[in-house]
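*Asks:* From the sequence below, what's the structure:
(one chain, ligands or ions: 1)
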Amino acid sequence: MKMHWNDIYVPVRYLLLINHWGFKYHCPICGFHSSDLKECGESSEVITKMHILGAGIRKGMCWLCRSRDRERLIYLYLKDYLNLFQPHNKKKILHMAPEPNLFRIFLKSKNIEYVCGDLFTEGYSYPKEVQNMNLLSLPQSDGTFDLVLCNHVLEHIPDDIKAMSEILRVLKSGGCAILQVPISMELEKTYEDASITSPEEREKAFGQKDHVRIYGRDYSARLASVGFQVQLFHDTEKYRRYGINPEEILFVCTKP
Ligand SMILES: [Zn+2]
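*Replies:* Numbers count the residues shown, from 1 in each chain. As a prediction, this is how the structure comes out:
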């Protein structure tokens, strides 16, 4: 049988992480048990000030597989609530800007017909399975997918309403999308300002140089405005040992 680099890399890395072995956390993706999590994310004044969920510097990364807190929460939701990894559960999925661990899991899952895409940017390389796709004009026909995952993408797109409509369009009736964004529950209304265009100004205003807004408590209404039925999942207390941010809320959007 052909060796994969992971066959050597993962066991060696596991041994090198001996200082982090422990019982406090358990990664549901790779199974690593640890006493702590690795620091990840980027710090920004506005992220701290506005208490933006799903962003900022935090101890949230698995030492072994490098999954982040929010990726693990999505994985757990897909497994426990959508039964997505059951072999009989045939699903067609669109995964935009794929999180690396979910990407590998989906590729291996025989019950999943998997399409993944990203808007290709010069200077970046992409795995061969990833297609160049623009969320404002998806190439698929109406009603193609059972599930769309598109996390931490909408905050980059000036016309996010158009992108939401496209996601709704390519979903089958009864299908759902998980659409996570950086969000501040302290903001009643989403903060955006089209006159803020330079990377420096955007970083100062929105927390990252390529973000165009900070979503607020009206995010659900924004999703509902294109036709989604939005359900908030925040029953995350039971997932604490998986190193999830207990404040994180999943936005599960169903096409009626
Ligand atoms: Zn892990």
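*Asks:* For the residue lying closest to residue 192 once chain neighbours are set aside, give me the backbone phi and psi.
*Replies:* Taking C-beta to C-beta, 6 or more residues apart in numbering as the measure, residue 192 lies nearest to residue 213, with 3.6 Å between them; neighbours along the chain are not counted. The way it works is simple: take the backbone N, C-alpha and C, and place the C-beta from them, glycine included. Residue 213 has phi and psi values of phi -170, psi 170 when expressed as degrees, to the nearest 10.
*Asks:* Residue 213: neighbouring residues, count only.
*Replies:* If you count neighbours by other C-beta atoms under 10 Å, residue 213 ends up with 22.
*Asks:* check contacts around residue 65.
*Replies:* 27, 29, 30, 32, 101 (C-beta atoms under 8 Å, 6 or more residues apart in numbering).
*Asks:* hang on, it is in a strand, isn't it?
*Replies:* No - judged by DSSP: H, G, I helix; E, B strand; the rest coil, residue 65 forms no part of a strand; its state is coil.
*Asks:* Just say helix, strand or coil for the closest residue to it other than its chain neighbours.
*Replies:* Taking C-beta to C-beta, 6+ apart as the measure, residue 65 lies nearest to residue 30, with 3.7 Å between them; neighbours along the chain are not counted. Using three-state DSSP, the structure places residue 30 in coil.
*Asks:* Cross-check the contact I'm expecting between residue 30 and residue 64.
*Replies:* Yes - shown here, residue 30 and residue 64 form a contact pair, counting by C-beta atoms under 8 Å, at 5.0 Å.
*Asks:* ok, the two, which is more surrounded?
*Replies:* A count of neighbours by other C-beta under 10 Å puts residue 64 above the other of residue 30 and residue 64, at 20 against 15.
*Asks:* Close to the ion: what parts of the stretch 1-150 of the chain are there?
*Replies:* The stretch 1-150 of the chain comes close to the ion at residues 27, 29, 30, 32, 62, 64, 65, 67, as judged by C-beta under 5 Å from the ion.
*Asks:* Which residue, neighbours along the chain excluded, lies closest to the fifth one?
*Replies:* Think residue 62. When the adjacent residues along the chain are set aside, residue 62 lies closest to residue 27, with 4.2 Å between them (C-beta to C-beta, 6+ apart).
*Asks:* tally of neighbours for the one you found?
*Replies:* The local packing of residue 27 (other C-beta under 10 Å) involves 23 other residues.
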